[in-house]
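J.: Provided below for reference: sequence and predicted model.
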2 protein chains.
Amino acid sequence: MAEKSAGNRTVKLKSHVSIVSAASIVGPKEGMGPLGRYFDVIIEDEMWGEKSWEKAESKLVKETISKILNKSKKSPADINFVISGDLLNQCIGSNFGLRDSGIPFLGIYGACSTMGESMIIGSMLIDGGFADNVVCMTSSHFCSAEKQFRFPLELGVQRPPTAQWTVTGAGGVLLSNEGPGPVITYLTTGKIVDMGIKDANNMGAAMAPAAVDTISTHFKDTGLSPEYYDLILTGDLGAVGKSICEDLLKREGFNISERYNDCGLMIYDRKKQDTHAGGSGCGCSATVLAGYIYQEMQKGNLNKILFVPTGALLSPISTQQGESIPCIAHAVSIENR
Amino acid sequence: MAEKSAGNRTVKLKSHVSIVSAASIVGPKEGMGPLGRYFDVIIEDEMWGEKSWEKAESKLVKETISKILNKSKKSPADINFVISGDLLNQCIGSNFGLRDSGIPFLGIYGACSTMGESMIIGSMLIDGGFADNVVCMTSSHFCSAEKQFRFPLELGVQRPPTAQWTVTGAGGVLLSNEGPGPVITYLTTGKIVDMGIKDANNMGAAMAPAAVDTISTHFKDTGLSPEYYDLILTGDLGAVGKSICEDLLKREGFNISERYNDCGLMIYDRKKQDTHAGGSGCGCSATVLAGYIYQEMQKGNLNKILFVPTGALLSPISTQQGESIPCIAHAVSIENR
């Protein structure tokens, strides 16, 4: 049973909610990046033997949940819920990737914050006694995302320096009420923040205020200071958004600079890989968590993480209608105990 | 704290989770239907003073949550979570409709099953002690849905008899750990069922097997029989799907015919309103629940309801790529105690 109080957005978990397995499958570009050795599978090309990018993304989801289950020696019948979503219209990456699983399904949409939202709901379902095992996962795919949100790839449109590169990859974790940890300790659910930014090629700047709101709320609610964590890790603010996030948090009295990174800046070598402001997409924070973070926590090289996936809740239709970009960020504390 | 056991998809709530207020706003066609007097607001036209159908749908969401809060004399600061989603790409109905609310937001995507998914998650968050008050809601809009999923309205494409009419409307409830009821008692989460149907103009037939799976699982898990309920209410199977659902459940040994209806058949007068197989859309089950069902339960005319919203998890992209339609249904028991 959890603690919460009125006006307090952070839940402190009372029972043991452990990450017991994690898996990630990424595209060739992500495989060539600095974190390449942490991923379970690097696919050879963006189609992965399928007839469309969307079908390839569904296959990423299907194969990733299969790996998560295999690693934990669980069968689908052992899993009480799978919680997943993606960037595609109507979340078809998850819907098709999970349709043969036979596992009770809660579909979510949080844009690139999906991995955080999934872990927040999953952790509460276990802590509340509603589930023993929950798979939390998400995916994104560079080609299906460009096709959907920006321009046809074949057009070769030039990208501005603030643009980010959608990660091709699926990642996820199995949360359980048993297992050695790392464990989930605090959950801070985001609210929608819209500061009026309208440039879909500058998502980092749009999302940064949402990250600031959630991170500062987390510290105020818990009484913890940034020094409590080894690493505060935003999802995909990229170079522009990360710097805004640091600055705005400083103004609120929280200096996170010495222990702060962004998954979008970790997954690619920006000098060699031409990804402009860095990585983005639901798969960005999910694969970095399931690969690098989980493995380094198991080794004890990282022990206390504040994981803060960030999402831009726009669509091409809202952009065409002149709307600004509503954003959200969710924070999950992951700790070795 | 809840009861659950391995392989059992139904959660029995242990604490008091009450519906304390409900609100619905619908379009003119829904207002002229048999349930018209149960809705809070009937808008005069589908634009409702906005510049686009999508903006009108966001306004439905914004005004509906405002009504839900006003009726319960709560302010946004009293609400721990709002859980919502819709049919639009990237769920912009909810994202834009709720961006000014300041309430922690969990975005979901369950197509027309959204109201059920929202109440399942919301009920568990209250029962688990993570929240005192949760708003569960959703919306749909005939014009924005046709534009997105089928053909431009201006084209005047003829609709086959199996086609359904997307409800213009938003509906929602406030769940709370206080209040006189009706209360939520059981939750049966759906799994994805795909029987290979590919006709996006025959969603009822595609969704019926998912409803059958969830309803039969509910009875097997709980040991209850159909006679336990005053009304078993699917979301939007329409005329074709309702008849398939009844037949398939009979084969599984559950005769629900004497106490079964479908929101899609209740919301329009099919003889006078030319809606073919009936209503559909997230707003269909949500407005029927928030209007007719909630008010008749308050009067004591209905006392035990099994509410089973049904969703077709397709997108135009998946249909164009020759994919079949994965479907899901979630069941929520609502009882006067």
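T.: Good, I have the coordinates.

J.: ok, the closest residue to A:Gln90 other than its chain neighbours - contacts?
T.: For A:Gln90, ignoring the flanking residues on the chain, the nearest one in space by Cβ to Cβ, 6 or more residues apart in numbering or on different chains is B:Ser315 at 3.7 Å. Yep, even glycine has a C-beta here, placed from its N, CA and C like the rest. Applying Cβ atoms under 8 Å, 6 or more residues apart in numbering or on different chains to B:Ser315 gives the contacts A:88-90, A:92, B:149.

J.: rerun that using 10 Å as the cut-off
T.: B:Ser315 is in contact with A:54, A:88-92, A:95-96, A:148, B:87, B:89, B:111, B:148-149, B:200, B:321, B:323, counting by Cβ atoms under 10 Å, 6 or more residues apart in numbering or on different chains.

J.: next one: A:Leu314
T.: A:Leu314 neighbours (Cβ under 10 Å, 6+ apart): A:111, A:149, A:194, A:197-198, A:200, A:203, A:206, A:323-327, B:89-90, B:92, B:95-96.

J.: Over to A:Met266?
T.: Counting by Cβ under 10 Å, 6+ apart, A:Met266 has contacts A:33-35, A:233, A:278-279, A:284-285, A:288, A:292-293.

J.: Could you tell me the model confidence score at it?
T.: On pLDDT, A:Met266 comes in at 98.

J.: quick one: it from chain B, how far?
T.: In this view, A:Met266 and chain B are 26 Å apart by Cβ to the nearest Cβ, to the nearest Å.

J.: Check A:Asn301 too.
T.: Taken as Cβ to the nearest Cβ, the span from A:Asn301 to chain B is 32 Å.

J.: Likewise for A:Ser118?
T.: Using Cβ to the nearest Cβ, we find A:Ser118 at a distance of 10 Å from chain B.

J.: burial of that residue, as a residue count?
T.: 31 (other Cβ atoms under 10 Å in any protein chain shown).

J.: in what helix or strand does it lie?
T.: Here A:Ser118, judged by DSSP states H and E, is contained in helix A:114-127.

J.: check whether the following helix or strand past that helix contacts chain B.
T.: Following helix A:114-127 in sequence order, the next helix or strand is strand A:133-140 (DSSP H and E). Yes. Strand A:133-140 is in contact with chain B by Cβ under 10 Å from any Cβ of the partner chain, via A:Asn133.

J.: Which elements pack onto the very next helix or strand once past strand A:133-140?
T.: Using DSSP H and E, the helix or strand that follows strand A:133-140 in sequence is helix A:142-149. Judged by 3 or more Cβ pairs under 10 Å, 6 or more residues apart in numbering or on different chains; DSSP states H and E, helix A:142-149 is in contact with helix A:53-71, strand A:165-166, strand A:279-280, helix A:282-288, helix A:316-320, helix B:316-320.

J.: which residues sit in contact with the nearest residue to A:Pro104 once chain neighbours are set aside?
T.: Distance criterion Cβ to Cβ, 6+ apart; nearest residue to A:Pro104, sequence neighbours excluded, is B:Thr189 at 3.9 Å. For B:Thr189, the contact set (Cβ under 10 Å, 6+ apart) comprises A:80-81, A:103-106, A:125, A:130-131, B:9-11, B:116-117, B:120-121, B:124, B:214, B:217, B:328-332.

J.: before we move on, back to that, any of the contacts of A:Met266 buried? List them.
T.: A:33, A:35, A:233, A:278-279, A:284-285, A:288, A:292-293 (16 or more other Cβ atoms under 10 Å in any protein chain shown).

J.: For chain B, state which of the residues you listed is nearest.
T.: A:Ser285 (16.1 Å; Cβ to the nearest Cβ).

J.: Tell me, how many residues neighbour the nearest residue to A:Ser52 once chain neighbours are set aside?
T.: Residue nearest to A:Ser52 in three dimensions, not counting chain neighbours: B:Gln321, with 5.4 Å by Cβ to Cβ, 6+ apart. By other Cβ under 10 Å, 15 other residues sit near B:Gln321.

J.: how much space between B:Gln321 and B:Ile103?
T.: For B:Gln321, the distance to B:Ile103 equals 37 Å [Cβ to Cβ, to the nearest Å].
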